[in-house]
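Visitor: Based on what follows, work out the 3D shape:
(one chain, ligands or ions: 1)
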Amino acid sequence: MKLLQRLFYKKRKFYGDDFDWENYTDDSYHRRITSDIESKYSAIVDQGQLHFDPVTGTVQSHGDDIHPNHLLILEIIGQLQLKSVHEVGCGGGDHVANAVTLYPETKVTGGDRGATQLDLALQRHPELKGKIGLQDITMPFSHQWPNPELVYTQAVIMHIHTAVSHLVALSNLIRMAQNHVLLMENIQCHNFVSDIKSLHEGGHLEWKTLNIYQVTGSTGANAILLSNQELDYPVLLSDSEIRSGAKPSSRRLKRANEDSARGIFGFDQY
Ligand SMILES: C[S@@+](CC[C@H](N)C(=O)[O-])C[C@H]1O[C@@H](n2cnc3c(N)ncnc32)[C@H](O)[C@@H]1O
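Guide: Numbers count the residues shown, from 1 in each chain. Got it, this is the predicted structure:
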């Protein structure tokens with residue numbers, strides 16, 4: 001490696017992740033919220049704008065549309081009638097705030113490894129004071145982390161590629177959650193299904209029973225739902241199943257395979 005490249009490489013704090021999370025807000029996140037989300041959708045919903053219909057299990061907006069991915073998260077919270085929910089990697093806090101608005105009876109919290117993200121979240125949603133906290137999901141498990149019924153992530157694990165951190169994160173998400181984990185992630189960035197199965201078979205997961213489902217929102221978004229309960233959703237058997245229909249990105253799939261290959265699961269006796 002050339003000297004300049006080596007210097008640049010060493011200056012990077014996270015060698016494999018897609019972003020340096022300390023600089024992420026200034027870098028691109030704020031821009032993404034305003035250009036990708038707020039230009040087309042309601043990022044922050046008003047009181048009374050959303051309604052969950054328990055008969056159809058859907059969330060309807062009486063104002064601007066909600067991004068399909070965000071809508072699915074809210075629909076799952078309603079369908080499972082959850083009393084407590086936590087978002088890991090909550091960034092600017094919009095999903096936490098919207099869940100609080102739609103489900104005032106549900107205890108909703110959020111964690112993020114970036115103090116700048118949490119500052120942005122409080123700027124956008126001062127009412128989240130006391131509901132959000134600093135948390136790195138790739139750290140060894142902490143008993144101080146919330147222990148809700150469902151933990152969810154959106155666009156978090158897909159960006160983690162440092163060593164085996166994404167596997168640590170997946171096992172931590174499951175240990176944090178009493179019953180369910182919802183992964184709203186780009187399903188080409190990791191082999192989520194096979195990685196989770198390997199973690200389970202290798203004895204890395206807190207739950208004895210693991211069911212893997214594919215959930216689909218009323219406006220077409222897909223996500224992976226893990227549960228220690230039997231639920232009435234389509235069972236998801238493989239990564240290729242959830243990837244079917246998506247235009248393959250050979251770069252992402254190659255990196256996903258490299259990430260999986262770094263895992264040493266269980267204890268193979270010699
Ligand atoms: C692409 S943003 C998504 C933010 C939010 N979930 C959303 O959909 O708008 C990724 C977020 O994950 C956070 N993050 C990255 N690695 C993390 C980790 N190890 N533990 C907790 N949060 C993390 C980042 O700081 C950032 O706020």
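
Visitor: In the stretch 1-150 of the chain, where is pLDDT below threshold?
Guide: 1-2, 5-15, 26-28 (pLDDT under 70).

Visitor: ranges for the strands of it?
Guide: Under the criterion DSSP state E, counting those that start in this stretch, the stretch 1-150 of the chain carries strands at the ranges 50-53, 58-61, 84-88, 107-112, 132-134, 150-154.

Visitor: Does the ligand have contacts with the longest one?
Guide: Put plainly, it is strand 107-112. Yes - Strand 107-112 is in contact with the ligand by CB under 6 Å from any ligand atom, via residue 112. In short, each C-beta sits where N, CA and C put it, glycine included.

Visitor: Which other helices and strands does that strand contact?
Guide: strand 84-88, helix 94-102, helix 115-124, strand 132-134 (3 or more CB pairs under 8 Å, 6 or more residues apart in numbering; DSSP states H and E).

Visitor: from these, which stretch is densest packed?
Guide: Of all the helices and strands packed on strand 107-112, strand 84-88 carries the top mean neighbour count, a mean of 25, counting by mean count of other CB atoms under 10 Å.

Visitor: Pull the residues that contact it.
Guide: 77, 95-96, 99, 106-112, 135, 137, 146, 148-154, 156, 169, 173, 176-178 (CB atoms under 8 Å, 6 or more residues apart in numbering).

Visitor: Direction included, what does it pair up with?
Guide: According to DSSP bridges, strand 84-88 forms sheet pairs with strand 107-112 (parallel), strand 150-154 (parallel).

Visitor: Weed out the non-buried ones from the contacts of strand 84-88.
Guide: Burial by neighbour count, 16 or more other CB atoms under 10 Å: within those this picks out 77, 95-96, 99, 106, 108-112, 135, 137, 146, 148-154, 156, 169, 173, 176-177.

Visitor: Who are the contact partners of the residue lying closest to residue 100 once chain neighbours are set aside?
Guide: Spatial nearest neighbour of residue 100, excluding adjacent residues (CB to CB, 6 or more residues apart in numbering): residue 108 at 5.0 Å. Each residue near residue 108 by CB under 8 Å, 6+ apart is listed here: 84-87, 96, 99-100, 131.

Visitor: now check stretch 134-142, is it near the ligand?
Guide: Yes - Stretch 134-142 is in contact with the ligand by CB under 6 Å from any ligand atom, via 135-138.

Visitor: Next: stretch 58-67.
Guide: No - Stretch 58-67 does not reach the ligand (CB under 6 Å from any ligand atom); its nearest approach is 9.1 Å.

Visitor: in that stretch, what counts as buried?
Guide: Going by 16+ other CB under 10 Å, stretch 58-67 has these buried residues: 58-59, 61, 66-67.

Visitor: Let me see the residues that make contact with that stretch.
Guide: 37, 40-43, 45-46, 48-53, 71, 74-75, 78, 98, 102, 218-219.

Visitor: which among the residues you listed end up buried?
Guide: Buried among these by 16+ other CB under 10 Å: 37, 41-43, 45, 49-50, 52, 71, 74-75, 78, 98, 102, 219.

Visitor: Considering the residues you listed, which is situated nearest to the ligand?
Guide: residue 37 (7.8 Å; CB to the nearest ligand atom).

Visitor: can you list the residues of the chain near the ligand?
Guide: Applying CB under 6 Å from any ligand atom, one finds that the chain approaches the ligand through 21, 24, 88-91, 112-114, 117, 135-138, 154-156, 160.

Visitor: middle-most residue in this structure, spatially?
Guide: Nearest residue to the geometric centre of the chain (CA atoms, centre = their mean): residue 153, 1.4 Å.

Visitor: Leaving out the residues flanking it, which one is nearest to that residue?
Guide: Setting aside the residues directly before and after it, residue 153 is nearest to residue 88 in space (CB to CB, 6+ apart), at 5.0 Å.

Visitor: ok, what's across the strand from the one you found?
Guide: residue 111, residue 153.

Visitor: Could you list the alpha-carbon positions for stretch 102-110 in CSV?
Guide: What follows is stretch 102-110, C-alpha atoms only, in CSV (Å, rounded to 0.1, in the frame of the first residue of the first chain):
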residue,chain,number,x,y,z
LEU,A,102,-49.2,6.9,16.8
TYR,A,103,-49.1,4.6,19.8
PRO,A,104,-49.0,6.8,22.9
GLU,A,105,-49.6,3.8,25.1
THR,A,106,-46.4,2.0,23.9
LYS,A,107,-43.1,2.7,25.6
VAL,A,108,-40.8,3.7,22.7
THR,A,109,-37.1,4.3,23.1
GLY,A,110,-34.1,4.7,20.8
